[in-house]
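S.K.: Mind folding the following:
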Amino acid sequence: MTPVLLTLFGALTTVGALLAVLLPVMARQGAALRREIDAQGTALRREIDTLRTDVTTDVAAVRADVAEVRRDLHALAERVARIEGTLSGPWRPPANGTPAPAAGAPPETAP
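M.R.: Residues are numbered from 1 along each chain as shown. Modelled structure (predicted):
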C-alpha cells in the first residue's frame, strides 16, 4: 500500500473509533436531558395549576369583598337619604311647572 492510503485508512479508523465512543455518550446525554426537561415540565405544570387555583380563590375573595362593600355603600346611601330628607323637611319641588316659593316668603293661606 501507498503511504497516502495508509494515512487515509488511519484517519478513517480514528474517526470511526471517535464516533464509536462519542455517539453512545451523546445519546445518553440526550436521553438524560429529555428526562430532565420532562421532569421540569411536569413540575412547572403542577406549579401553574397551583397558581391558577390560588388566583381563582383570590378572585372569589375579592368579588365577595366588593359585594360586601357594595352592600355597605347602599346602606350608607339610604341613611344619607333619610338624614337629608329629615333636614330638608317635607317640602318638595312644585309640580306642573309652578314656581317654587321664594325663600322667606310666608306660605299662602286659603280664604
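S.K.: Output the below-cut-off pLDDT ranges for this protein.
M.R.: 90-111 (pLDDT under 70).
S.K.: Quick check: the gap between the residue nearest to the spatial centre of it and residue 49.
M.R.: Nearest to the mean C-alpha position of the chain, counting by CA atoms, centre = their mean, stands residue 55 at 6.8 Å. Using CB to CB, to the nearest Å, residue 55 is found at 11 Å from residue 49. From N, CA and C alone the C-beta is placed, and that goes for glycine too.
S.K.: same deal with residue 29?
M.R.: Counting by CB to CB, the separation of residue 29 from residue 49 is 31 Å.
S.K.: Where does residue 51 sit, in terms of helix or strand?
M.R.: Using DSSP states H and E, residue 51 sits in helix 3-88.
S.K.: so how far is residue 61 from the residue nearest to the centre of the chain?
M.R.: Separation of residue 55 from residue 61 (CB to CB): 11 Å.
S.K.: can you check residue 67 too?
M.R.: For residue 67, the distance to residue 61 - CB to CB - is 11 Å.
S.K.: likewise residue 54?
M.R.: Separation of residue 54 from residue 61 (CB to CB) stands at 11 Å.
S.K.: same check, this time on residue 1
M.R.: 85 Å.
S.K.: Kindly report the same for residue 87.
M.R.: 39 Å.
S.K.: Of these two, give the one with the bigger neighbour count.
M.R.: residue 61 (10 against 7; other CB atoms under 10 Å).
S.K.: In contact with the more buried one, which residues are there?
M.R.: For residue 61, the contact set (CB atoms under 8 Å, 6 or more residues apart in numbering) is empty.
S.K.: Please spell out which residues along stretch 78-88 are buried.
M.R.: Buried residues in stretch 78-88, defined by neighbour count with 16 or more other CB atoms under 10 Å: none.
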